[in-house]
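[1] sequence unknown, structure follows:
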């Protein structure tokens, strides 16, 4: 019996690893799980990092205050507004002297420099087209920190389909990893906020959209390895009939559809033919899902979460759609103001909405525009609703401008136009009578917006390039709101606007003057510094409707100089109100902090990032820390 038992046991001796047949359908799904654990762990870590921001935004009541546009039947009274302001936590800016506070500022300054530093492009003629009118030089699209993040994702992907895989014998592993990337791509493409702030709440979809693009490219490379190595194996083993098999044909079809998504997503096509890009993106990606589900049944468990996420995004966007009456007002030959009345809450200045004009061929397109005003309050006396500015930059904006010009008022009468715009800014009632074209619009949003709390800083620097002034106008409104609410802390706001010609300055001068008048009522220093990137000769004079403190310069600014000039001075600990710094005390004092907001073409935003990153650590500590928010107006 014992000999028989020994013979039976010998039959079940494990086969050595080198002689085992690689079971792809058992081993490779485990690597899908490992890859999923990696990216979900990074996502969870980002959520942990954002907990302080979540707590602060919840305390200030702004975490979920800009989710859906609402209309109120009654306007809040001055007494109600005052009581809301008094119930909010007060803000104080005190000099920081403790070792822990300085250590915190030093750590934050080092991390900020690493996060914002961006490499300049080579000074070659080939890159000249990358430089905008308001930029001194071109920079790479990604900062160093973003490059590290992208390289980490690519490295994790490659490791998951290379480690322990015999790709020359069986290249199924890259295909399995490609399927595991689909939920990541869909998740990074969502515009609607998720029920929980899974992403960093200090970011919105346009800030992490670069990850969506690079994960898509990584998916394409992974699928190329999967299909290319199988075809190479078929050719090497003289198995050409396998290429014509139904499974292979469906895989080749799926790969071709994915390739069309990649080709139509290239930057020149996105910028020149956005509607083609959008339609092709949806059609080809849906076709890819259908083809890949027939190519392999192992794809369906990864497609279902993608469909659920995309359905959630569409459902939430449908809930936030609003059809509103609007007035299109031609400000000058290239600028159109879109006023949407009776939108009282559920949005914040600097957020943006997608606008679809329900007239003519414009009904088939929607475009994003920044909200330039804050919700109406008795203090600001601004009109109820949302104010948008659309600069003529293509066929759609040109049609909107032509539609707006079909009004009874003569645009050439400058004095009448200025008078009507000033009347509009001072109007308190809804349904005001303003010259312009009445129409209906569908708005989707709001999205994005300013993600730093300006109330935490003493000085504010706002840098805008071209149409980026719309975001800057919203940021000024936010400064006024913060100053009105807290009545302390913020002392100075500097606005640097780089623009090509004087016509846009003249068109927005009543708005700039209106905001300046409000700042004087709050004892807030608001100064405009205007720069012409293409100045005429001789240099024109400033419009009389602008404040006397406004400056006009016929050159592009050096952003690093603007940042240094805006740094708040550290205060003496013995006499914080004096503003005098003694040599023995300047090393232990700190100012109230500087917030820098940049918006416009990529070049000016990248230049601002580098200006902050290149500041010395001692300068950041002495000024009390620097906050930054950037918005690139590009596709």
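    Structure's in. What do you need? Treat the numbers as computed from the prediction; the structure is a model and nothing was measured.

[2] which residues does residue 441 bridge with?
    Taking DSSP bridges as the rule, residue 441 bridges to residue 324, residue 357.

[3] thought it was touching residue 321?
    No. Residue 441 is beyond contact range of residue 321, at 10.9 Å (criterion: CB atoms under 8 Å). In this view, the C-beta of every residue, glycine as well, is placed from N, C-alpha and C.

[4] So for the two, which sits in the more crowded spot?
    Neighbours were counted for residue 441 and for residue 321 using other CB atoms under 10 Å; residue 441 has more, 25 against 14.

[5] Could I get the contacting residues of the more buried one?
    Counting by CB atoms under 8 Å, 6 or more residues apart in numbering, residue 441 touches 323, 324, 326, 338, 340, 355, 356, 357, 358.

[6] same thing but 6 Å
    By CB atoms under 6 Å, 6 or more residues apart in numbering, residue 441 lies in contact with 324, 326, 355, 357.

[7] of the residues you listed, closest to residue 271?
    Of all the contacts of residue 441, residue 271 sits closest to residue 355, with 19.4 Å by CB to CB.

[8] ok but the closest one is inside a strand, no?
    Yes. In this structure, residue 355 lies within a strand as judged by DSSP: H, G, I helix; E, B strand; the rest coil.

[9] okay, now it: neighbour count?
    For residue 355, the neighbour count with other CB under 10 Å is 25.

[10] Same question for residue 552.
    Counted by other CB under 10 Å, the residues lying close to residue 552 total 18.

[11] any idea which element it lies in?
    Secondary structure from DSSP states H and E places residue 552 in strand 551-553.

[12] What average pLDDT does whatever helix or strand comes next after that strand get?
    Scanning forward in sequence from strand 551-553 by DSSP H and E, the next helix or strand is helix 559-566. For helix 559-566, the mean pLDDT works out to 90.

[13] from the chain's centre, how far out does helix 559-566 sit?
    Put simply, helix 559-566 sits 24 Å off its chain's centre (CA atoms, centre = their mean, to the nearest Å).

[14] Can you tell me what sits against that helix?
    Against helix 559-566 from outside (CB under 6 Å, 6+ apart): 459, 461, 494, 496, 594, 607, 608, 611.

[15] Could you list which of those residues belong to strands?
    459, 461, 494, 496, 594 (DSSP state E).

[16] now the residues you listed in CSV, with distance to residue 481 and neighbour count?
    Putting the ones in strands among the contacts of helix 559-566 into CSV (distance: CB to CB, whole Å; neighbours: other CB atoms under 10 Å) gives the following:
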residue, distance to residue 481, neighbour count
459, 17, 24
461, 18, 27
494, 18, 20
496, 21, 27
594, 19, 27
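
[17] could you dump those to a markdown table with distance to residue 475 and pLDDT?
    Listed next are the ones in strands among the contacts of helix 559-566 as a markdown table, based on distance: CB to CB, whole Å; pLDDT from 0 to 100:
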| residue | distance to residue 475 | pLDDT |
| --- | --- | --- |
| 459 | 13 | 90 |
| 461 | 10 | 95 |
| 494 | 12 | 93 |
| 496 | 12 | 93 |
| 594 | 14 | 90 |
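
[18] Nearest to residue 363 among those residues?
    residue 496 (38.1 Å).

[19] Tell me if I'm right that the closest one and residue 464 touch.
    No. Counting by CB atoms under 6 Å, residue 496 stays clear of residue 464, with 7.2 Å between them.

[20] so what's residue 404 up against?
    328, 330, 336, 437.

[21] Looking only at residue counts, what's the top helix in the protein?
    Counting by DSSP state H, the longest helix found in the chain is helix 209-236.

[22] Turn the contacts of residue 441 into CSV, columns for pLDDT.
    CSV is the format used below for the contacts of residue 441 (pLDDT from 0 to 100):
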residue, pLDDT
324, 88
326, 87
355, 90
357, 88
